[in-house]
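Q: pasting the structure only:
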DNA sequence: CCCCTGTATGTAAGCGTTTACAGTGTCACC
DNA sequence: GGTGACACTGTAAACGCTTACATACAGGGG
C-alpha cells in the first residue's frame, strides 16, 4: 500500500502564491476572488491533484455532509429500491449515505443505545420502521431533520403510498371480475417493521368488503411472518378450507409469489380457478405475470432524499412539486397481468 | 428542530475536574488512568450524555472510520446481499458504510473523476465491478486497502466463488440426468459489470460440454443483457429452434426465472420436457422450485468486510480461517429442486 | 537523603479546513 | 490631494479532538 503524502490546502496556497484563505474561497466558488488568482489557484490544485479533506471541512463548518439511512432489512427488494432511490439524489447533492441496517432486535437496541448517528449525520431517513415513543425522542434528540418512507410518524415529513386507496383499488379490480370470496394474506407483526402497514392494509381490505356488501370471513384472513415461503404456506391453508377463496390478495408481491407457487403445485389454474393479486410490482412480478398494485419505491426513496436536501438548504436537484406538505403520497397503479381473471362460475 | 448545544470534551473535563486529555484517555480505554478518575470521567460523560465527535476524532487521528462500498446496482438481489453482509461486519467494527452506487456510465465516470472516496474512507470494497486499468490506478491512488467481491483483480484480495467449479457441478447434474442438449443463457456485456463472470461461466459451460464429449451448438448459447424479462425472451428463442434443448442453464437465477416463465407460458412441462437450472439461490428460487447452484452472497460481503477490518488493524470480529490468501473462495452448493429432472427420451 | 523509575495527569501542538476581521491597493470623486 | 467605497487578499481564531511531551508525585534502592 503506497501511502500518498496528503496534499493540503497549504501546499496549494504555496504553489499558487496566495494564502490558504484564498484557496478556500476559490475552491468553494465564493465571490471576491480575482479571475487571475482563481485561475492560478485552480491550476495549482489541479497540478497537485488536490482534494479538500472533507473531514476538516466538516469540523470547520459543523456540517457532516452525510445522511443516515436507517433500514430494517437492506437486502429485501423494497428496501434496496429505497436505498437506490435515496442514493441517487444524495450523490447529486454531495451528501454521503450512511447505511444502518437494524433489522434484528439486537441491532436495533444497540442502534438506539449507542446512537451511532449522533454528530455523524446532518439528517436521517428512516424506512418502513415504526418507532416507539422512546426511539422517536432519541431520534429527535439528534437535532437533525428527518424524513420517513413507508409510514407516518407524527411531526415528521413522510413519503408513502395511500394504503387505503391502494388496497381499495385492488379490491375493486377483484370485485369487477366477479370475485366475492377474497382471501387476504397479511403479515404478522414482528415488532420491527410493517406493523402499521399490515394493519392498514387489513383494515382497508375489510372496508372494501363491507362497502361491497360482502360478509368478511375470518378464515380468509391469514397473517404470516413476512418471508418468502410463508405466502405459500398461507395459500396452502386457504386451499384446504371447505369453501376456498376464488381470489387471493397478498399484502405484498413476495407473499403473492408464494401463493402462485402453492397454486401451481396444487395444480390449480391461475386465473381460471383462483386469481392472485399483490402489492409492489416487484421486479419478478412481471415474469410471474402477477397482477399487482405498483408502487414506485425507488421514487419514494429519492423523494425523501430530496425533502431532506431541501431541509438542509442544499440546492442540488429539481424540486418536486408537492414536497411541502407533511406527507407526500406517491400514486399507485393497478397493473393488470395474467394472474387475475373472472371469478369461476359458482 | 431543537438544536441541542453540543457538549464537548471540555464540558466533561470541567465537570469531572480533570483535563480534556484525561477525558480522552478514559474514553478510549487507554492505560494510565486511575480507577477513581476514570469513574468520575465516565459519570460526567454519562450525566452530560456526551458522545465524542467522530469528525474531530477523525481529523486528529487521520482515520476516517469509514469504508466505501462501490456497487453497480444497489437494488438488485445480489448486491443487496453483499451490502447487508458487509454492513453487519462493519457495524460491529465501528466502521461506517459509505455507499456508492455507480451503475450507469455517467455515475461511474463521475465517480472516477471526482473521486469522492478520496480522504473519505479508510478502505474500499468493490462489488462485482471489473475495473479498467485507469480506474484501478485511480483506486490504488486512494492509498487505502481494498477488497473485491465477485471477481478477481490483480493484486487485490478478493472474495468470490469458484466459477469454473460451480458451473461444472451444475453441468454434471444435468449430464447425470441424461441431458446432452443443454442451452446456456448468458449475460451480454454491458461494459459495467459481470463481463468476466459471464465469460468465465460460458467458458466453463463449454469446457464441461467438451469433457462430456458433447459437441457445442452455438445456437444454444444466448447472451442477453441482464434484466428480468430477458431470460424469458432468450428462452422463447431457444424453444423456437428446430431442435430445442432439453435443459436450460441460466447464468443467474433471475434469468432462470424468465426461463421458467417462458416455459410455463408455452405450456412446456418443467422438468418433464425441459429442465432449468440457475446460479445464486435467490430468495425467490425456492418458491419457484428452481434447482440452482447456491452461493452465499451475504457471507461473501461479510467476509470481504472482515478482510478489510483486519487490514485496518481493527480487531472486532472472530477471524475467518483462510482470509490470508489473496483470493477467498466461498463454496457453492447444488440445491436440487423440482426444475430439473431426467432428460426426456429421445 | 538523593536519584531513578513509574504512574497519573496536565499542557499544548497539531489535524486541515472555514470565516470573521483586518489589511492593502485602486479608483472615482470632490 | 484627500477620502470613501470597493475589490481583493491575508491573518488568525475557531472547530473538537488526539497525543507527544512535560510535570508532579510516590516509592524504592543505593
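A: In hand now; what should we look at? Every value quoted in this text rests on a predicted model; they were computed, and no experiment measured them.
Q: how about low-confidence regions in the stretch 101-250 of chain A?
A: Low-confidence segments of the stretch 101-250 of chain A, defined by pLDDT under 70: A:189-194.
Q: Check what pLDDT residue A:286 gets.
A: Residue A:286 carries a pLDDT value of 85.
Q: In a helix, it, correct?
A: Yes - counting by DSSP: H, G, I helix; E, B strand; the rest coil, residue A:286 falls inside a helix.
Q: Counting neighbours, what do you get for it?
A: Neighbour count for residue A:286, taken as other C-beta atoms under 10 Å in any protein chain shown: 18. Heads up, the C-betas are built off the backbone N, CA and C, glycines and all.
Q: same check, this time on residue A:144
A: Residue A:144, neighbours per other C-beta under 10 Å, totals 24.
Q: how far away is residue A:184 from chain B?
A: To chain B, residue A:184 is 19 Å away according to C-beta to the nearest C-beta, to the nearest Å.
Q: Spell out which helix or strand contains that residue, please.
A: Following DSSP states H and E, one finds residue A:184 within strand A:182-187.
Q: And for residue A:88?
A: Per DSSP H and E, residue A:88 falls inside helix A:77-92.
Q: now the angle from the helix or strand following that helix to helix A:77-92?
A: Where DSSP H and E defines the elements, the next helix or strand beyond helix A:77-92 is strand A:96-101. In terms of direction (axes from the mean of the first three to the mean of the last three C-alpha atoms, to 10 degrees), strand A:96-101 departs from helix A:77-92 by 160 degrees.
Q: thinking again about what came up before, give me the helices and strands touching the strand holding residue A:184, please.
A: helix A:195-211, strand A:221-224, helix A:230-239, strand A:247-250, helix A:253-265 (3 or more C-beta pairs under 8 Å, 6 or more residues apart in numbering or on different chains; DSSP states H and E).
Q: Dump these into CSV; add distance to residue B:175 and mean neighbour count as well.
A: Formatted as CSV, the helices and strands packed on strand A:182-187 follow (distance: least, C-beta to C-beta, whole Å; neighbours: other C-beta atoms under 10 Å in any protein chain shown):
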stretch, distance to residue B:175, mean neighbour count
helix A:195-211, 47, 18
strand A:221-224, 39, 19
helix A:230-239, 31, 22
strand A:247-250, 39, 30
helix A:253-265, 28, 25
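Q: And the ones you listed: which comes nearest DNA strand D?
A: In terms of C-beta to the nearest atom of the strand, the element of these nearest to DNA strand D is helix A:195-211, at 36.8 Å.
Q: residues in contact with the closest one?
A: With C-beta atoms under 8 Å, 6 or more residues apart in numbering or on different chains as the test, helix A:195-211 has contacts from A:128, A:130, A:150-152, A:163-164, A:166-168, A:171-172, A:175, A:182, A:184, A:186-189, A:215-216, A:221, A:223, A:249, A:251, A:279.
Q: Quick check: ChimeraX command selecting the buried ones in the residues you listed.
A: The following ChimeraX line selects those of the contacts of helix A:195-211 that are buried, judged by 16 or more other C-beta atoms under 10 Å in any protein chain shown:
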select /A:128,130,150,151,152,163,166,167,168,171,175,182,184,186,187,221,223,249,251,279
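Q: Same list, the helices and strands packed on strand A:182-187, but as JSON lines with distance to DNA strand C please.
A: Listed next are the helices and strands packed on strand A:182-187 as JSON lines, based on distance: least, C-beta to the nearest atom of the strand, whole Å:
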{"stretch": "helix A:195-211", "distance to DNA strand C": "40"}
{"stretch": "strand A:221-224", "distance to DNA strand C": "52"}
{"stretch": "helix A:230-239", "distance to DNA strand C": "51"}
{"stretch": "strand A:247-250", "distance to DNA strand C": "51"}
{"stretch": "helix A:253-265", "distance to DNA strand C": "45"}
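Q: In a markdown table, list those along with distance to residue B:58.
A: Shown next, in a markdown table, are the helices and strands packed on strand A:182-187 (distance: least, C-beta to C-beta, whole Å):
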| stretch | distance to residue B:58 |
| --- | --- |
| helix A:195-211 | 38 |
| strand A:221-224 | 45 |
| helix A:230-239 | 44 |
| strand A:247-250 | 47 |
| helix A:253-265 | 40 |
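Q: Show me which residues of the helix holding residue A:88 are buried.
A: The neighbour-count check on helix A:77-92 (16+ other C-beta under 10 Å) flags A:77-92 as buried.
Q: Show the model's pLDDT score for residue A:55.
A: Residue A:55 is given a pLDDT of 95.
Q: Show the contacting residues for it.
A: By C-beta under 8 Å, 6+ apart, the contact list for residue A:55 reads B:55, B:58-59, B:64, B:119-120.
Q: that older thread, which one of the buried residues of helix A:77-92 sits closest to residue A:257?
A: Nearest to residue A:257 among those is residue A:77, at 10.7 Å by C-beta to C-beta.
Q: which parts of chain A sit against DNA strand C?
A: Residues of chain A that fall close to DNA strand C, judged by C-beta under 7 Å from any atom of the strand: A:6, A:8-10, A:20-21, A:24-25, A:27-28, A:50, A:52-53, A:56-57, A:59-61.
Q: Take the residues you listed and keep only those in helices.
A: Within the residues of chain A next to DNA strand C, residues falling in helices by DSSP state H are A:9-10, A:20-21, A:24-25, A:27, A:56-57, A:59-61.
Q: and chain A, which residues reach DNA strand D?
A: Residues of chain A lying near DNA strand D by C-beta under 7 Å from any atom of the strand: A:17-22, A:25, A:31-38, A:56, A:59-60, A:62.
Q: Among those residues, the buried ones, what's the PyMOL command?
A: A single PyMOL command is used to select the members of those judged buried by 16+ other C-beta under 10 Å:
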select buried, chain A and resi 18+22+25+33+37+38+59
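Q: now residue A:278, what's its secondary structure?
A: Under the three-state scheme (three-state DSSP), residue A:278 adopts strand.
Q: And it, how close does it get to residue A:257?
A: Separation of residue A:278 from residue A:257 (C-beta to C-beta, to the nearest Å): 8 Å.
Q: For these two, list the residues in contact with both.
A: With C-beta under 8 Å, 6+ apart, residue A:278 and residue A:257 have common neighbours A:285, A:290.
Q: list the contacts for the nearest residue to residue A:57 once chain neighbours are set aside?
A: Nearest residue to residue A:57 in three dimensions, chain neighbours excluded: residue A:65, at 7.6 Å (C-beta to C-beta, 6 or more residues apart in numbering or on different chains). By C-beta under 8 Å, 6+ apart, residue A:65 lies in contact with A:54, A:57-58, A:94-96, A:122.
Q: Mind checking which residue lies nearest the centre of chain A?
A: Against the mean C-alpha coordinate of chain A, by C-alpha atoms, centre = their mean, the closest residue is residue A:82 at 3.5 Å.
Q: host element of the closest residue in space to that residue that isn't next to it in sequence?
A: Nearest in space to residue A:82, with sequence neighbours left out and distances taken as C-beta to C-beta, 6+ apart, is residue A:301 at 3.7 Å. For residue A:301, the host element (DSSP H and E) is helix A:297-311.
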